[in-house]
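A.B. asks: What follows is a predicted protein model with its sequence.
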Amino acid sequence: MLDRKVKIKSIRDLGSRNYLLTLNAPEQARLIRPGQFVMLKCIENVREDPLLRRPFTIFDVPKSARSGKPVGLDLLIKEVGMGTRKLIQLRPGQALFCLGPQGHGFQVSSEMRNRVEIACLIAGGVGIAPLYLLAQSLLAQNVKPVLFYGGAAIADLVLRDYFERLGIDIIYSTEDGSFGERGVVTQPLAQFLKTHPRRDIRVYACGPWGMMKAVHALSAQNNLQCEVSLEARMGCSLGACLGCVVRCKDHEGEEQYLRVCQDGPVMNSRLIDWETAPL
Ligand code: NAD
């Protein structure tokens, strides 16, 4: 894990209070695995508020056009409070502290070749953030990703073009019916699992707690392995402050608390006590 002062390359307004922040961070970019995150100090002057850094999942790792080597980090930022508001007000050329990459990402390995045919990727709103790097690494293992991408309205389905360029199957849904199927994202997933009753499917989800709980239930009903990327408020991100714990059960069903920062953010959905949402 590295702590570096990195420069902002660009901040692109995607609409609906979503932004794509690109950082020049070649050292850290080389180390990223799908599902990992970085902690950003959201301001240039370290004495200003907010004091605590904020966690952001890595959406993509831009490469040099000339050498093909990783040169930066693309982060999807939704403006939700003071930290993200100050972050998106920064300008290209300004610098901020970036700690990472951190955390356990998605499990994708060469063992999946010939064993797993389809990976269902379920994104609720800005939960799309970790799924682009995941889709690319699944394709590299010959696994076929099918993306289920849901939001309240069409404006919330940001960065669709990245996934469309991968040429994968995508099922969109919006609650207001402005794009794709009308309803929540788990409805087309349930339909898909009904019409594909197979064992060689893996499920990966990121989004609001209620969505991931519903995805877990569908995966368990269909005996499918499911990994979820959790989000929690983090104090230190180093496993010490225990500010980001989530209530889980161990293999004997005993209560345990796992740290989203160090034991996650990606966890097997069967470990989690879905009746107890993190604070
Ligand atoms: P949102 O609340 O608008 O929900 C997006 C979609 O999720 C909905 O349109 C619906 O299709 C689905 N959904 C929501 N609740 C559901 C339920 N109970 N059952 C079935 N489907 C449901 O999304 P948002 O405001 O963009 O928030 C996205 C969430 O993603 C946040 O909770 C954020 O914490 C999380 N997130 C996590 C990470 C990570 O890496 N862990 C990264 C980014 C965002």
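C.D. replies: Happy to help now that I have it.
A.B. asks: For the rest of this, base every contact and every neighbour count on C-alpha atoms.
C.D. replies: Noted.
A.B. asks: quick one: buried residues of stretch 186-197?
C.D. replies: Buried residues in stretch 186-197, counted by 16 or more other CA atoms under 10 Å: 186, 187, 188, 189, 190, 193.
A.B. asks: near the ligand, anything from stretch 164-179?
C.D. replies: Yes: contact of stretch 164-179 with the ligand (CA under 6 Å from any ligand atom) involves 174, 175.
A.B. asks: Where does the record place the domain boundaries for the protein?
C.D. replies: 2-102, 104-228, 230-279 (automatic domain parsing).
A.B. asks: Quick check: end-to-end length of the first one?
C.D. replies: Which is domain 2-102. 9 Å (CA to CA, to the nearest Å).
A.B. asks: try the longest one
C.D. replies: One end of domain 104-228 sits 11 Å from the other (CA to CA).
A.B. asks: and what of stretch 94-109?
C.D. replies: Start-to-end span of stretch 94-109 (CA to CA) is 37 Å.
A.B. asks: just stretch 82-96 next, same as before
C.D. replies: Stretch 82-96 has an end-to-end distance of 16 Å (CA to CA).
A.B. asks: Can you name the secondary structure element that comes next after the helix or strand hosting residue 161?
C.D. replies: Assigned by DSSP states H and E, residue 161 belongs to helix 160-166. Following helix 160-166 in sequence order, the next helix or strand is strand 169-174 (DSSP H and E).
A.B. asks: Tell me how far residue 103 lies from the ligand.
C.D. replies: Distance of residue 103 to the ligand, given as CA to the nearest ligand atom, to the nearest Å: 11 Å.
A.B. asks: show me what contacts that residue?
C.D. replies: By CA atoms under 8 Å, 6 or more residues apart in numbering, the contact list for residue 103 reads 35, 36, 37, 260, 261, 262, 263, 264, 265, 266.
A.B. asks: Of those residues, which is the nearest to residue 80?
C.D. replies: residue 37 (17.9 Å; CA to CA).
A.B. asks: which one among the buried residues of stretch 186-197 gets closest to the ligand?
C.D. replies: Each of the buried residues of stretch 186-197 was scored against the ligand by CA to the nearest ligand atom, and residue 186 proved nearest at 5.1 Å.
A.B. asks: Next, work out how far apart the closest one and residue 211 are.
C.D. replies: 7 Å.
A.B. asks: As CSV, the domains of the chain with mean pLDDT would be great.
C.D. replies: Listed next are the domains of the chain as CSV, based on pLDDT from 0 to 100:
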stretch, mean pLDDT
domain 2-102, 93
domain 104-228, 97
domain 230-279, 89
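A.B. asks: residue ranges of the helices in this structure, please?
C.D. replies: Taking DSSP state H, the helices of the chain run over residues 26-29, 82-89, 131-140, 160-166, 186-195, 209-221.
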